[in-house]
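Q: What follows is a protein structure lacking sequence information:
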């Protein structure tokens, strides 16, 4: 998630335009990034308070949690470690975040430095639990008892969250979506009113666009299969990806690395009240999603080839 004061568009024009990714500098990436882990200060807590979260407080990592975070940072792809090595000021954790709030990437003044702040309880969550909790909030009970759940083959929430937020840092620091017509957003996002960005008409009319992530109301539980059937015909890896170009790229990159590079299959199921399977989806296998992966691979492979 990005702070509201930042631009709401994102893309991968970096790969298309041939922009060079800066090499890592200083200490090895894992050591350099570990030094950025810090207890959030009043300025960070202020971001949450401004959003109405009055009970948020800094979380001091235990030795075991610190080791977990360091190991996760070291496991990130070279592309993400380089972006964080150059642009991350602090990585911190907080307690008391209500609801589905999970992580925040915020810009440090007028600089190209960023802070990433993560809900501390996510350190103890599997990716199954994290995604299922988030997704179920999109639906409302309608008497059918239908429900949605994720299966992620043992993946952890922290890896996904740091991938997602590090992708925001990468793109915000390079203002990639200020470049119109980038290939990643082609036929998906288009210019809207007041210099904004909106979904292409065929997607704006889809059930994919009718979720709380786009300001709509809750979806009746019985409409889950119709919603995910529409998602399977879209370029989005998740309903959250439809929220904005920024979330579109961050979601696809995080899912791709977790699935394609770390080997965890991500499946979504819809079940009846008695547990009977009504539908099973593998978003990373959706045709529209797979068509966008070469752009991500170009970015990831270029950074790896440079020898991070």
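A: Cool, got the structure. Bear in mind that the values here come from a model prediction, so they are computed numbers and not experimental data.

Q: Would you check how far apart the closest residue to residue 161 other than its chain neighbours and residue 130 are?
A: Sequence neighbours aside, residue 103 is the residue nearest to residue 161 in space, at 5.0 Å (criterion: CB to CB, 6 or more residues apart in numbering). For every residue, glycine as well, the C-beta is placed using N, CA and C. Distance of residue 103 to residue 130, computed by CB to CB, to the nearest Å: 11 Å.

Q: Output the longest helix belonging to this protein.
A: Identified as the longest helix of the chain according to DSSP state H is helix 157-174.

Q: helix or strand right after that helix?
A: Tracing the chain C-terminally past helix 157-174 and defining elements by DSSP states H and E, one meets strand 189-191 next.

Q: Okay, buried residues for that following strand please.
A: Judged by neighbour count (16 or more other CB atoms under 10 Å), strand 189-191 contains these buried residues: 189-190.

Q: Give the other helices and strands that whichever helix or strand comes after that strand contacts.
A: As assigned by DSSP H and E, the chain's next helix or strand after strand 189-191 is strand 197-199. Under the contact definition 3 or more CB pairs under 8 Å, 6 or more residues apart in numbering; DSSP states H and E, strand 197-199 sits against strand 189-191.

Q: what does the helix or strand that contains residue 117 contact?
A: Taking DSSP H and E as the definition, one finds residue 117 inside strand 114-119. Outside of strand 114-119, the residues within contact range by CB atoms under 8 Å, 6 or more residues apart in numbering are 40, 44, 47-48, 87-95, 97, 101-108, 158, 161-162, 165-166, 168-169, 172-173.

Q: Now, of the residues you listed, which are buried?
A: 40, 44, 47-48, 87-94, 97, 102-107, 158, 161-162, 165-166, 168-169, 172-173.

Q: so residue 125 touches residue 155, yeah?
A: No - counting by CB atoms under 8 Å, residue 125 stays clear of residue 155, with 10.4 Å between them.

Q: These two: who's more crowded?
A: Set residue 125 next to residue 155 and count neighbours by other CB atoms under 10 Å: residue 155 wins out with 22 against 18.

Q: Hmm, residue 263 and the more buried one touching each other?
A: No - between residue 155 and residue 263 there is no contact under CB under 8 Å: 9.2 Å.

Q: related to what we said a few turns ago, tell me the helices and strands packed up against the longest helix of the chain.
A: Contact here means 3+ CB pairs under 8 Å, 6+ apart; on that basis helix 157-174 packs against helix 63-75, helix 78-87, strand 103-107, strand 114-119, helix 127-136, helix 245-256.

Q: and those, which one is worst for confidence?
A: Per-stretch averages of pLDDT across the helices and strands packed on helix 157-174 put strand 103-107 at the bottom, with a mean of 90.

Q: Right, I'll leave it there.
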